[in-house]
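Peer 1: What would the 3D arrangement of this be:
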Amino acid sequence: MSIISVVIGQVFHAVPAGIANGVPLDDVAAVIAFTYFGVKVLSEAFESEDGKSAMDEEFEEAEETVEGNEKFSKGSNVGAQIASIFALVFAAEFGDRSFLATIALSAAQNPVSVAAGAIAAHGIATGIAVLGGAYISKYVSEKVIGYIGGALFLIFAATTAVGIFH
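Peer 2: Residues are numbered from 1 along each chain as shown. Below is the predicted model:
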């Protein structure tokens, strides 16, 4: 997904400057996207309560999808299970915040660096989710993670905006 989003970002970056009268549309789109995601994540964190979280709802949806997927049964061979997991994760990740953020970063930054950073980040995040998600969630609330994520999106928006005018 990281490579796909980097390629999409580079296609967006290739829009000729003459079309936009010299305004760097890719950078402006990145600032808008980062600001939107930052505000959205922060507002979700502020509005969240100690009850059922968005992560719990997503987890329940994922469980239902896996349970409903007949290809993903204990009797399936390993290849079918891997293909099924790939399809589920690909569908879940397509169009999410990390996908769109990677597109925006790729449009505004070095695509090789963006791809390497996105791949590393996804790998680490997946490792944390698989190995320590339940343990970490005992000590760090989803609300705190929302505050951190929203603040990071706003920092990315600000640094990209500074780059437009600098």
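
Peer 1: From here on, just use CA atoms for contacts and neighbour counts.
Peer 2: Will do.

Peer 1: Averaged pLDDT, the top helix by length along the chain. What do you get?
Peer 2: Longest helix in the chain by number of residues (criterion: DSSP state H): helix 111-137. Mean per-residue pLDDT for helix 111-137: 84.

Peer 1: That one packs against which elements?
Peer 2: Packed against helix 111-137 by the contact rule (3 or more C-alpha pairs under 8 Å, 6 or more residues apart in numbering; DSSP states H and E) you find helix 2-13, helix 97-108.

Peer 1: Just the buried positions in it, please.
Peer 2: Of all the residues in helix 111-137, those buried under the rule 16 or more other C-alpha atoms under 10 Å are P111, V114, A115, A118.

Peer 1: same thing with stretch 147-166?
Peer 2: Buried, per 16+ other C-alpha under 10 Å, within stretch 147-166: Y147, G149, G150, A151, L152, F153, L154, I155, F156, A157, T160, A161.

Peer 1: Contacts only, for Y36.
Peer 2: Y36 makes no contacts at all, as judged by C-alpha atoms under 8 Å, 6 or more residues apart in numbering.

Peer 1: circling back to that earlier point, check the buried residues of stretch 147-166 and tell me the two furthest apart.
Peer 2: Y147 and A161 (21.0 Å; C-alpha to C-alpha).

Peer 1: my guess is P111 meets Q10, correct?
Peer 2: Yes: in this structure P111 lies within contact range of Q10 using C-alpha atoms under 8 Å: 7.2 Å.

Peer 1: SS state for V15?
Peer 2: Assigned state for V15: coil (three-state reduction, DSSP: H, G, I helix; E, B strand; the rest coil).

Peer 1: What is the neighbour count of it?
Peer 2: Per other C-alpha atoms under 10 Å, the neighbour tally for V15 reads 14.

Peer 1: what residues does stretch 136-150 touch?
Peer 2: With C-alpha under 8 Å, 6+ apart as the criterion, stretch 136-150 contacts F37, G38, V39, K40, V41, L42, E44, A45, F46, S48, S53, M55.

Peer 1: Mark which of those are buried, thanks.
Peer 2: Of the contacts of stretch 136-150, these count as buried by 16+ other C-alpha under 10 Å: F37, G38, V39, V41, L42, E44, A45, S53.

Peer 1: Tell me the one of those residues nearest M1?
Peer 2: Set against M1, the nearest of the buried ones among the contacts of stretch 136-150 by C-alpha to C-alpha is F37 (18.7 Å).

Peer 1: I figured that closest one hits I155, correct?
Peer 2: No: between F37 and I155 there is no contact under C-alpha under 8 Å: 11.2 Å.

Peer 1: Please work out which of the helices and strands packed on helix 111-137 is packed deepest.
Peer 2: helix 97-108 (a mean of 24; mean count of other C-alpha atoms under 10 Å).
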